[in-house]
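**Q** Using only what follows, build the 3D model:
(chains A, B and C)
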Amino acid sequence: MFEDIKPADLSYVGKKAGRPDMVEKLTGEAMFVSDMELPGMLHAQLKKSPYARARIKHIDTTKAASMPGVRAVVIGDELDYHIGLYIVDKYILAKGEVRHYGEAVAAVAAETLEQARAAVEAIEVEYEPLPPVLHHMDALKPDAPLVHPDLGTYSFVAAAFTPKPGTNVANHTKLRKGDVEKGFEQSEYIVEREYSCPSVQHVPMETHVAIVQWGMGDKITIWTSAQSPFTVRNLFCNAFKLPHINVRVQVPYVGGGFGGKAGIGVEPLCAVLSRKANGKPVKFQASREEEFSLLPCRSALTYHIKTGVSADGKIIAQKMTMYWDAGAYADYAVNVTRASGYSAAGPYEIPNASVDAYTIYTNKPYGTAYRGFGHVEFHWAVERHMELIASAIGMDPLEFRLKNALRPGSKTLTGEEILTSTGNVVKCINEAARMIDYGTLTPAEQAREKQTGWKIGKGVAALHKAPAMPSFTATAVVLKMNEDGSVLVNIALTDYGQGTYASIRQIVAERLGFSIDKIKVAFENDTDRDPYDWQTVASKGLIMSGNAAILAAEDLLKNAYAVAAEALRANPRDLGHDGDKVFVRHHPALSVKFSAMAVGLAMPNGNGIGGPLIGVGRYIAQGLSNLDKETGEGNPALDWTYGAHGMIVEVNEATGEYHVLKVGSVYDVGRAINPEIVRGQAIGGMMQGLGTAICEGYIYDQQGRLLNPSFTDNKIPTSKDLPMEIECAVVETPQIDGPYGARGVGEHSMISVAAALGNAIQKATGAEIMHMPMRFEDVWRSMRNKEPVDNWITKSPFGSCRSAPEMHRHE
Amino acid sequence: MKIKLTVNGLIYERDCAENKTLLRFLREDLGLTGTKEGCGMGECGACTVILNGHAVNSCMVLAVETDGAVIHTIEGEANGPSLSDIQKAFERNHAVQCGFCTPGMVMSIKELLAEKPKPDVAEIKEAVEGNFCRCTGYTQIVEAVMDLTGNPEKKGELKHV
Amino acid sequence: MFYEFRYLAPRTVAELTDALDQHRDDGKFLAGGTDLIPNIRNGVMKPKFVIDGKKVPDSNRISFSERDGLIIGPAATINDVLRSRDARDSYPILCGCAHELASHQIRNRATVAGNVVNASPCSDMAPALLCLGARAVIRSKAGERTVPFTEFFAGVKKTVLKPGEYLASIVIPSESRNARGTYLKLKRIAGHDLGIVGVLMVRHGDSIRFGVSSAAPTPVLVESVTLKDSPDEAARKVLASVSPISDVRGTKEYREHMIGVYVRRLLAEVK
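**A** Okay, here's the model as predicted:
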């Protein structure tokens, strides 16, 4: 919509505009759920499993229940609720069996946090430890213990997923395009490699927290630090078999989400405690350690790619096999499998392709949505693979990428045709390369190399992502005019830092033709007040809610014009408006103020016409289709956002230490509605990408205990970890069905950052690293062709990268 | 234990549990919830306040240690109805996203500028090294301080290609 | 916090030593709190009494005299050292190590004394105190005793402090003023982190000392290297004195490699 309006003709869209929610965050007035207290509120604490897999033989809560201040104690056996987004496989508290280290086994609500903690310590749990299955490749073996022996009895979304009962496979997504085997036969070169990355944590600065009050008559109020209030309500009602009108979910300010708060979290736990405590509100806030082990993480991935290439460097066939480590519960991981399945090859044309993406249960903290929804993980593999193919066949990696990049006329893996308006990945790649003077060292860089002795290398990596969402995802926006002619926007898309509300405000002001100072986006979300939005994920917020906002603005104007037409006795077609009033275009003195009409217009004689001015806009994804379960064919993509990074790194060949000298990032965003917010997302995501590339990753021992459950050993980037230079740019190929031509970019900045770094390190030193993170020691080992250090399942710390040492390698 | 301290220019007298951290005392006993808990262990800096002129992680200070102390938190940063210069610079430069790290970040900057009115970029980064931000990637925060202090180094802009 | 304890704030040295003596079994000395409070939070320590040493006047004093050298009080923080003119002018090595410790907020609270009493093998201050010939003045109700830091560390997180004793001051001799050196700390990120390994080299006249952290159960002093040694010989000597392990931060192999790299680099710089 309005994708072809020139920048000069726009007042707010595409221009620098403030961000309305910063002030209250800067003063400390913004209220997060962690700050909230309600009268009579109880505090919850949890008893957690020290074992990765164990039978719960007995839980004795008698001592705990009688301790001072304790108002409720709950264990799994009391509860019969099953929860799950796509596969309903989880209990609120472990029942019968614990499936991962840190899993909650019992919960206490008491008057103070200390009393709750003391009571938790008094709970006695008798476990029978069982041998856990920890590595996802081991979980595929026929003799592997089953994480979910009852997988066959769980309900699941059959249109999209295929669990395999009797195994640890929660889902198998298939895609078949053309004839892969024939393609290999026709290929001059075949390059086959395996890449891997571990689980990492989102690390929102505000950990998961919720307050739930189970009121009389099963009326439940939930305050939660969450991304998707309607999903919380829906899953909650499904689990507890309650009507939707019984449950109200409110989301105030949220201290970061990154996908970890996309679904349902600790709300059911607080709910059952509140119910048992006669309806007193119960608050649970995860400690940072619990955030790392009780709450979900990002799935680990092993990605095996086999590519057939022609003599002149064209990809002919590619066989892709992804093994996703879901951890103990499927949660979002099954959908990550599906979404990564159709996106699996990166932004390249693959005429003959096969994808098999497996979601595999293991006895570890489970994986959920994470910024990029699988794309950070598999682009690591794809973009390293492109680099390795190029060096194997003696072609420059940039040239190889450009040769195979998707262009108008290309067909994706699911058979979707790329149009000019889809976006321009070639331009992104070329610009990223230009930003770093790819392929050469400048005189300054040569001088630096001489002076420091560190080798400088440059790499590029490309990316693409479409929102991973149901084909019928919808949203709505409501505009309500206030008595003074200002406009309130109600929206259930949440803003947990990404800044979409600022852009929505600009879009509404633009479309209404009002001063932006008259537009307020109500910040907190409330399922009793806001119109439905599916979830705030997938980089679909701006495009869908932006469109809905435009439609809502048009609806509001239409309603205002109808009232004005009656008041001015004019044909609505002959009316115009400015920021204050509606007027007759050929007699502009004849006008009526918006503020006069806002809540109902009073005619001079007292007659009332019209009524409160409200505009409603609803937008549903159009033309998306289910994917064929055998071939993967279909149209899953609302839009594609392309991008690329260029990275310059200097490496100390003696030690493996490295510094990132420059990152240049380019994204085809269609139109940057708010350039500073786009830049904020670009840099923030890039740094999160660097974190996953350089230092982040869960480390377990052979018993499945998490060895780094805190910031002491689960490091994230600090201000000192910034690259020396950062450059961000946008290409703007208008998205015809995007608001003013815009597409989303919230996730994309994190994708392929690690691969660009790996490519640059390889260019500098020849080190071929195929697993993340690339710690200094990993670089050092790779340069010397030493055995890599296993990040995931460590004995202390050695282990094979491919499976736990005592068991056989997956063949 | 009875303690008497000054927070944001106001004197508070309270009877406080001896094992309570300053962080929880500020938030629960004084209702100053602007200071946040991010890790409870002094790694993330979300709990940073200024104690007797120095930026500290309040999660590792006992409230009872602060008898007689002078403390500044985010709630005291604004000048009545106007934002402080640091707050205005943050707003101008989009240095806030989710806002959870922001109070601690501002406090660290406050101490920095009291000691070094014209810090260079390296000094700014070092001042907030102990303040994790997962959202912004730090750059716009550094630029806010550069803007505020008239640092001549060039700031970045989103380029249109 | 979860564990209950009583807080005592003695106002004089006599009150402090009395309190430490009375609570020798159930009390802990509170300096900066940057180790003690997280330990209590995590249930690693459960003292019934926490005795604050900071309320004794002059406890954070740093003073210098030609005769006595640099005297660091029991509550002097890492940033107190970095802000001290005397420390900056006369003991740059101490400042070099101090600067590597954690983050600014922690340096505003963590004390030099606390860092070494904690006796973590990762201590950033210990290498400096070892290489500069510093002495620990240990005080209790019974009186004072002085122990050179070479005899201060007894094992992983263990010192020679007996129950009822506290580290009353750290004395760095005046002669060490002219020592020059550099501390190299290998971290996983550029931001604040515990060291994977840390190597300090100090040259004083013709003698060389190495202080190594994160490479043994305690911080280690190596005095056997001379200016005549080749880089390889120096590395061999230092490696012979340490015993790094493999853990989540790095393998033994890499630590040994990096210690060697650092020793060679530091020796080359000073020659």
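
**Q** CA atoms for contacts and neighbours, from now on please.
**A** Will do.

**Q** In what element of secondary structure is residue A:132 found?
**A** Following DSSP states H and E, there is no helix or strand that holds residue A:132.

**Q** One more: the one 5 residues further on?
**A** Mapping residue A:137 onto the secondary structure by DSSP H and E places it in helix A:136-139.

**Q** What is the following helix or strand past that helix packed up against?
**A** Heading C-terminal from helix A:136-139, the first helix or strand you meet, by DSSP H and E, is strand A:169-177. Judged by 3 or more Cα pairs under 8 Å, 6 or more residues apart in numbering or on different chains; DSSP states H and E, the packing partners of strand A:169-177 are helix A:333-343, strand A:352-361.

**Q** what's around the closest residue to residue A:373 other than its chain neighbours, how many residues?
**A** Excluding its sequence neighbours, the residue lying closest to residue A:373 (Cα to Cα, 6 or more residues apart in numbering or on different chains) is residue A:336, at 5.7 Å. Look at residue A:336: counted by other Cα atoms under 10 Å in any protein chain shown, it has 26 neighbours.

**Q** How about residue C:197: what's its closest non-neighbour residue?
**A** Once flanking residues are discounted, residue C:197 sits nearest to residue C:214: 4.9 Å by Cα to Cα, 6+ apart.

**Q** mind checking pLDDT for that neighbour?
**A** Looking at residue C:214, its pLDDT is 97.

**Q** who's in contact with it?
**A** By Cα atoms under 8 Å, 6 or more residues apart in numbering or on different chains, the residues touching residue C:214 are C:121-123, C:195-198, C:244.

**Q** Farthest pair within those?
**A** Maximum pairwise distance in the contacts of residue C:214, criterion Cα to Cα, is 14.5 Å, between C:123 and C:244.

**Q** Between those two, point out the one with more neighbours.
**A** residue C:123 (25 against 22).

**Q** on contacts alone, who are the packing partners of the helix ranked longest in chain A?
**A** Of all the segments assigned as helix in chain A under DSSP state H, the longest by residue count is helix A:546-568. The elements that helix A:546-568 packs onto, with contact taken as 3+ Cα pairs under 8 Å, 6+ apart, are strand A:474-481, helix A:500-512, strand A:581-584, strand A:587-593, helix A:594-597, strand A:608-612, strand A:614-620.

**Q** now for these, which one comes closest to residue C:5?
**A** helix A:500-512 (47.1 Å).

**Q** That closest one: how far from the chain's middle?
**A** 23 Å (Cα atoms, centre = their mean, to the nearest Å).

**Q** Mind checking if that helix is in reach of chain B?
**A** No: counting by Cα under 8 Å from any Cα of the partner chain, chain B is not contacted by helix A:500-512; separation bottoms out at 10.4 Å.

**Q** tell me, which of the helices and strands packed on strand A:169-177 is the model least confident about?
**A** Note on the helices and strands packed on strand A:169-177: helix A:333-343 shows the lowest mean pLDDT, a mean of 88.

**Q** between it and strand A:169-177, how big is the angle?
**A** Per axes from the mean of the first three to the mean of the last three Cα atoms, to 10 degrees, the angle that helix A:333-343 makes with strand A:169-177 is 10 degrees.

**Q** picking that back up, of all the helices and strands packed on strand A:169-177, which one is nearest residue A:498?
**A** Per Cα to Cα, nearest to residue A:498 of the helices and strands packed on strand A:169-177: helix A:333-343, 21.5 Å.

**Q** Residues in contact with that closest one: which ones?
**A** Contact with helix A:333-343 is made by A:86, A:160-161, A:170-175, A:299, A:322, A:324, A:326, A:355-359, A:367-369, A:373-375, A:378, A:413-414, A:464-465, A:468, A:632, as judged by Cα under 8 Å, 6+ apart.

**Q** What are the boundaries of the strands in the stretch 151-271 of chain C?
**A** For the stretch 151-271 of chain C, the strands defined by DSSP state E, counting those that start in this stretch cover C:153-155, C:158-159, C:166-172, C:180-186, C:197-204, C:207-213, C:220-222.

**Q** can you redo those strands as a markdown table with mean neighbour count?
**A** Output for these, formatted as a markdown table (neighbours: other Cα atoms under 10 Å in any protein chain shown):
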| stretch | mean neighbour count |
| --- | --- |
| strand C:153-155 | 18 |
| strand C:158-159 | 18 |
| strand C:166-172 | 24 |
| strand C:180-186 | 22 |
| strand C:197-204 | 25 |
| strand C:207-213 | 25 |
| strand C:220-222 | 23 |
